[in-house]
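> Here you go, sequence then predicted model.
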Amino acid sequence: VERPKQLLRGGLKYVNDMLNIGWVAGFAHPLNERTFIVQQNNNLEHALRVVVDPARYDTARLARRPLTVQVHIRGERDEHGPQAVAHCIGIEHPNVMDLPAQRVWLSGFGTSPDKLKLLRGMAKKDFNPFD
């Protein structure tokens, strides 16, 4: 009997009999119907890209929401070379302990005037969860 590639023991956590799961908490910003980023500090260049199944999740409904994402990390290759890609297997509402604190939010750039000016140019408009 051939075993399925993804075992259902404990949900979708096991791939080829190995536990392969990670949790990421932050604020979601959709890029398209298959991809969104999870922002954990005020520098969007540090955000983690997550790929979803559009049949399970509507990325437009996730916009700017705090969430905790369960992911499988898979190695893939694209035009930039080998990449680690996070594939969503579950989305939950985070508790206060899961989300980044204000000091973590500010750690992306710091607070110097020149870095804050750069931040204003890169940041999503009007998005500051600690404002």
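That came in fine, so what should we check first? Since we're looking at a predicted model, the values are computed, not measured.

> Leu99 and Asn41 touch, don't they?
No. The pair Leu99 / Asn41 is not scored as a contact, 11.5 Å apart, by Cβ atoms under 8 Å. Where you see a C-beta, it was placed from the backbone N, CA and C, and this is true even at glycine.

> can you pull out the helices in this protein?
For the chain, the helices defined by DSSP state H occupy 102-105, 113-122.

> Where does pLDDT dip in this structure?
For the chain, the stretches flagged by pLDDT under 70 are 1-18, 102-112, 115-131.

> Now do the strands in it.
Taking DSSP state E, the strands of the chain run over residues 6-7, 14-15, 18-19, 22-30, 35-39, 48-51, 66-78, 81-92.

> quick one: the last one to strand 66-78, angle?
With axes from the mean of the first three to the mean of the last three Cα atoms, to 10 degrees defining the directions, strand 81-92 sits at 150 degrees from strand 66-78.

> tilt between strand 81-92 and strand 35-39?
Here strand 81-92 runs at an angle of 80 degrees relative to strand 35-39 (the same axes, to 10 degrees).

> returning to what we had before: can I get the strands of the chain in CSV including mean neighbour count and distance to Tyr57?
Converted to CSV, these look like this (neighbours: other Cβ atoms under 10 Å; distance: least, Cβ to Cβ, whole Å):
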stretch, mean neighbour count, distance to Tyr57
strand 6-7, 15, 18
strand 14-15, 16, 19
strand 18-19, 8, 23
strand 22-30, 18, 10
strand 35-39, 21, 9
strand 48-51, 17, 10
strand 66-78, 15, 10
strand 81-92, 14, 6
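
> Just put these in CSV and tack on distance to Asp58.
Shown next, in CSV, are these (distance: least, Cβ to Cβ, whole Å):
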stretch, distance to Asp58
strand 6-7, 23
strand 14-15, 25
strand 18-19, 28
strand 22-30, 9
strand 35-39, 10
strand 48-51, 14
strand 66-78, 13
strand 81-92, 11
